[in-house]
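Chemist: Coordinates only, no sequence provided:
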């Protein structure tokens, strides 16, 4: 059995390889097109933002749950021994800010 190919076989092989190269060049052209590159970059940024936003939401939710647990009993009623002092301090700080802003206006 010989390894010699006929001219028709060689020509068919060349045609097949040309078609494969054309497909490869088309794929490279699509991948390297500015719109494709920008689209890929946007998708990566969007995925990162979604991931970061999700992590931030979980962190904020955890903090809110911790704060709520500190100021309420297990049944959901407020712990007045903790709420009242915080409310008094908040009112005092707001009063100081209002009083300070009035002094600066005069």
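Modeler: Yep, it's here. All figures in this text were calculated on a predicted structure; none of them were measured in a lab.
Chemist: and the helix or strand of the chain with the lowest mean pLDDT, what does it pack onto?
Modeler: Here the helix or strand of the chain ranked lowest by mean pLDDT, DSSP states H and E is helix 80-105, holding a mean of 90. With contacts defined as 3 or more CB pairs under 8 Å, 6 or more residues apart in numbering; DSSP states H and E, helix 80-105 has these neighbours: helix 34-71. For glycine as for every other residue, the C-beta is placed from the backbone atoms N, C-alpha and C.
Chemist: what distance separates the helix it packs on from the middle of the whole chain?
Modeler: In this view, helix 34-71 has its centroid 5 Å away from the chain centroid, taken as CA atoms, centre = their mean, to the nearest Å.
Chemist: what does stretch 78-93 give?
Modeler: 37 Å.
Chemist: Contacts for that stretch, please.
Modeler: Contacts to stretch 78-93, defined as CB atoms under 8 Å, 6 or more residues apart in numbering, come from residues 70-73.
Chemist: Stretch 22-34 too?
Modeler: Here stretch 22-34 makes contact (CB under 8 Å, 6+ apart) with residue 36.
Chemist: Mean confidence (pLDDT) on it, please.
Modeler: The pLDDT scores in stretch 22-34 average 94.
Chemist: What subset of the contacts of stretch 78-93 is buried?
Modeler: Among the contacts of stretch 78-93, none counts as buried by neighbour count (16 or more other CB atoms under 10 Å).
Chemist: Make TSV from those and add pLDDT and distance to residue 80 to it.
Modeler: Shown next, in TSV, are the contacts of stretch 78-93 (pLDDT from 0 to 100; distance: CB to CB, whole Å):
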residue	pLDDT	distance to residue 80
70	92	13
71	92	10
72	93	11
73	92	10
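Chemist: Among those, pick out the one closest to residue 96, please.
Modeler: residue 71 (23.1 Å; CB to CB).
Chemist: now that closest one: how far from residue 18?
Modeler: Shown here: residue 71 relative to residue 18, a distance of 75 Å by CB to CB, to the nearest Å.
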